[in-house]
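Student: Make a model of this:
(one chain, ligands or ions: 1)
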Amino acid sequence: MTAIEPGGTARLVLRLPRGFCGGERALMAFCAAAGAAETSAFVDASGQPGPGRGELKGWLRLNPRASELRAASLACLSGRLSGWFRAGSARGAAQAVFPDGKIHAKILLFRNLLSGPGGRGEGQLHQSAFFLASSLGAAGGKVVWSDVSLKPGSGAAPSGLEELGRLLKKNPDISAIGISVLEAYLPAVKRLLAFLSSRVDAFIFVGGMFPTSHPWHCLAHLPGADFIVRGAGEEVFPFLLRCLGGSRPSAGMTPAMAARLCRADGVLGRAGDLFFAGAPGRVNRVGSMDSLPLDMGLLEKEDIGHGAVFSLSRGCLNSCSFCTSFDKGHFHSASPARVRDLLKMYRERLAQLFGGFGAIPESARGVAFYDDDFLSDLPRAVSIAGFLSRGDLYLNFIQTGIKSVIAAGKLPKVLGPAAFGRRPNGTTREKTDVYVGTENFSEDELIRLGKGYGYAGIERAVSSLSGARLRQAHHLILTNVFTGPQNVFENLIRLIRLRSKSGPYFDILRPAERHLQSFFGTGTYRAVEKAGFLCRLKTAGVLALPGFPEFDFPLVEEDRPENALASVAASAASGALDAGDFERALRDSLAAYIRAADPGIHARRRARGMGR
Ligand code: SF4
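Tutor: Down below sits the predicted model:
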């Protein structure tokens, strides 16, 4: 929440361990947009000497519109050291930290902010909130939960704001709020921030995919956010709260406090006329997933009635060109021993909730691993399946990348139906065992999406899972800007083929995604831009900062095929595809394509007595 008098001075505190390597202009832009005539910056760029780095540590006075920090060499910037800053630093540090190292703050979190009313997992505690609340709780914080949920899209209003208003009134001592932001939800997040900013005197932290991929755009376009945190929040969020020492935005922030906050990596923020950034080029990752606390006591019956969903590994070793995950190409996980301990704790929590081990319902015994790539570390997966099959919990489902299934070849027996609960006294429910991030079955499309495998690999993976008698659901994104009708047909023909070979073990995740969403900055977005087809991206508008076109952020809602016949073919297939009838999907698709490609064909056929 920024307040700069027009023509006044904005202040920046920057820790740039890699020197001025990009992005700092965003801060300049923000100061300029807020009306500052001049910016006074404390810059600590005293990292290792080398290209683009320097020994600068001191105050700079800069004209925000005239300065182009990215291009400037440190030597040509006239700096002046501030004794005041250094004196303030020691004083601020003493005041900022809680004496016992604990947080002692009340923090508002959202149970499942991005589920949307009626959406998947509505009302259930989301894994990101579960991890964050566990870490904050272990550090002494008290978490207050809100059930507000958001939907993607431009017109989507947050649901549950009235209840949130009551919650805030009941908890006037909330001093921090954590919000997760995805690109598709930006309009709704802006509305939520506006609601919160007008009602609470609490620092608002935003994290998640959008702040991680586009921290400077986030700073520019979410003025209601006080802190932008890149990457995993479990360690850095408690650190920042400790630095804040329970203070609130209305108390103001000294440059000394900001400098302390800047010791964290991947953090940007603002308070009044002060802007700060600590190693903004870095993304936070937890040191070890084994060391993250998970408080099973946070789980209630409504969270686990249909079984628990855990994400105990992060990332994958792939690099799909449409993906916005900051963990892509980087897999890390909790060890099998840690997973076993957590599952023991989960089982004890179940017994507590249901009144004894014998009273735990069968559905709650199912444990799902909603990871990006559960099978990425096969020995780990085998170990987890092994101890699950020896106990009374079972794998409800796993999610994995298909390349890991291809690499695994024939799956070890332990990853068979017994581990997935199909055993005497096990589950009798019809369920999907494995969700696979296949995305497409057409050779050209797989290349466009940067998937790194072809259809032959998919066949091997499907046969490997079917051979293990596992029911699989493959993610499918039917179209993108470059899709042609032949790609749609190729997909449908291959679905028919895979179903005929694997029977009920093969399916797609239904409803299938009709359109790719090429978010700004992704590889697929750049490919669309390069081809001159940006007009084919349906957007919910563009977030803009007047005078700074480089911060335009288009809100992409869906890719629309440049080839109109591809849209016709895909639309016609959708109904049957979503009903799981791939043959009818192909018939419907071909018929619609023929009608659209040659509108006179039916009249000519009738004239020749050939029927339709
Ligand atoms: S496999 Fe999934 S998480 Fe990994 S890069 Fe591809 S889409 Fe992203």
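
Student: Listing partners with orientation, what would you give for the one helix or strand Ala473 maps to?
Tutor: Under the criterion of DSSP states H and E, Ala473 resides in strand 472-479. Paired with strand 472-479 in the same sheet, following DSSP bridges, are strand 434-439 (parallel), strand 506-508 (parallel), strand 513-515 (parallel).

Student: any chance of the ones you listed in a markdown table, plus mean pLDDT, distance to Pro554 and mean neighbour count?
Tutor: To be clear about C-beta, it is placed using only N, CA and C from the backbone, and glycine gets the same treatment. Listed next are the strands paired with strand 472-479 as a markdown table, based on pLDDT from 0 to 100; distance: least, C-beta to C-beta, whole Å; neighbours: other C-beta atoms under 10 Å:
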| stretch | mean pLDDT | distance to Pro554 | mean neighbour count |
| --- | --- | --- | --- |
| strand 434-439 | 97 | 22 | 22 |
| strand 506-508 | 97 | 29 | 21 |
| strand 513-515 | 97 | 15 | 18 |
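
Student: any idea of the pLDDT on the residue in the stretch 151-300 of the chain that the ligand sits nearest to?
Tutor: Using C-beta to the nearest ligand atom, the point where the stretch 151-300 of the chain gets nearest to the ligand is Met209, with a distance of 10.7 Å. Taken from the predicted model, the pLDDT recorded for Met209 is 95.

Student: Which is the succeeding secondary structure element to the strand holding Ala473?
Tutor: Per DSSP H and E, strand 472-479 leads on to helix 485-502 as the next helix or strand towards the C-terminus.

Student: Now the residue nearest to Met296 when sequence neighbours are not counted, what are its backbone angles?
Tutor: On the basis of C-beta to C-beta, 6 or more residues apart in numbering, the spatially nearest residue to Met296 that is not a chain neighbour turns out to be Arg349, at 4.0 Å. Dihedral pair for Arg349: phi -60, psi -40, per degrees, to the nearest 10.

Student: Can you check the pLDDT for Arg349?
Tutor: Arg349 carries a pLDDT value of 97.

Student: these two touch, right, it and Asp295?
Tutor: No - checked against C-beta atoms under 8 Å, the pair Arg349 and Asp295 is beyond contact range at 9.5 Å.

Student: Neighbours of the residue nearest to Met296, how many?
Tutor: Arg349 has 20 neighbours, counted by other C-beta atoms under 10 Å.

Student: how far away is it from Gly454?
Tutor: Distance, Arg349 to Gly454, by C-beta to C-beta, to the nearest Å: 44 Å.

Student: domains for the protein, by residue range?
Tutor: As assigned by automatic domain parsing, the chain contains the domains 101-248, 288-317+328-351+362-429, 432-612.

Student: So which of the ones you listed is nearest Pro255?
Tutor: Between Pro255 and the domains of the chain, the tightest spacing by C-beta to C-beta is seen for domain 101-248, at 13.3 Å.

Student: Would you mind measuring the gap between the ends of that closest one?
Tutor: The straight-line separation of the ends of domain 101-248 (C-alpha to C-alpha, to the nearest Å) is 18 Å.

Student: begin at 849 from here
Tutor: Okay, using 849 as the starting number, the last item reads as domain 949-1096.

Student: Quick check: which element contains the residue of the stretch 1299-1448 of the chain found nearest the ligand?
Tutor: Each residue of the stretch 1299-1448 of the chain has a distance to the ligand, by C-beta to the nearest ligand atom, and the smallest belongs to Lys1299, at 7.3 Å. Assigned by DSSP H and E, Lys1299 belongs to neither a helix nor a strand.
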